[in-house]
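In: got a predicted structure plus its sequence, pasted below:
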Amino acid sequence: MTTQNTIELLKQGVNTWNNWIEENHHFIPNLQKIQLRNGNLSHANLREADLFGADLYGTKLKGADLSRAVLREANLLLVNLMTADLSGADLSGADLCKANLFVANLSGANLSGADLSGANLTEANLSGANLSGANLSGANLSRATLIKIGAKGTDFEKTILTGATVEDWLFNSVTNLDNVICDYVYLKTHAQERYPKRVEFAARKFTT
């Protein structure tokens, strides 16, 4: 199937697309640089799809399966990825500014150099994700799972981290933790080992 035919099939709607993918489960969609602004792809099966450089501005992708998909340098500004599966996806250099990633699965995802400023990552799973060089300034990561993340050179300025699970971060001297908003964190999964135990961090104490 040509790239144009693949795009035309996708534009016929999620049900048509998912049914075709189910019948042709070995097919890896080539959707490089697709223009689909403000579309509705909620619950679409886009597993392993090549969406390099795609323009999906404002598109609804709630509950979509994008596991191991290539979204490198894609425009995902204001995209709704609530509860989406992005495990193992390549989102390096993608624009996710103000995207809704509430409860999204980003475990093992490559987010290096991505713009996640102002994004909603509440309760998202970022275990094993690479966030090196990413911009998370002003993002909401409250109650997110942040275990074994790569955070070298990551910008966390004014990021909300209250209630997040933090463990085994790989960061360096240029990781920016200025003005992080954080009352407490958990040191183990499933909200175990609250720190501080009963009080809240004093101002700038988390950064220290």
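Out: Looks like it arrived, so ask away.
In: tell me the centre residue of this protein?
Out: The C-alpha lying nearest the average C-alpha coordinate of the chain belongs to residue 106 (Cα atoms, centre = their mean; 5.2 Å).
In: residue ranges of the helices in the protein, please?
Out: Taking DSSP state H to define them, one finds helices in the chain at 3-10, 14-23.
In: show me how far the last one is from its chain's centre.
Out: To tie it back to what came earlier, the one meant is helix 14-23. 24 Å (Cα atoms, centre = their mean, to the nearest Å).
In: which ones are touching residue 130?
Out: 109-112, 149-150 (Cβ atoms under 8 Å, 6 or more residues apart in numbering). All C-beta spots, glycine's among them, are computed from the backbone N, C-alpha and C.
In: ok, now residue 133?
Out: 112-113, 152-154.
In: picking that back up, tell me the pLDDT of the residue nearest to the centre of the chain.
Out: Looking at residue 106, its pLDDT stands at 98.
In: what separation do you get for residue 35 and residue 11?
Out: 11 Å (Cβ to Cβ, to the nearest Å).
In: cool, residue 150 as well?
Out: The gap separating residue 150 from residue 11 is 36 Å, by Cβ to Cβ.
In: so which of the two has more stuff around it?
Out: Neighbour totals were compared for residue 150 and residue 11, and residue 150 leads with 19 against 12 (other Cβ atoms under 10 Å).
In: contact partners of the lowest-mean-pLDDT helix or strand in the chain?
Out: Scoring the helices and strands of the chain by mean pLDDT, DSSP states H and E places helix 3-10 at the bottom, with a mean of 88. Residues from elsewhere that reach helix 3-10, judged by Cβ under 8 Å, 6+ apart: 1, 16-17, 20, 29-32, 34, 36, 41, 44.
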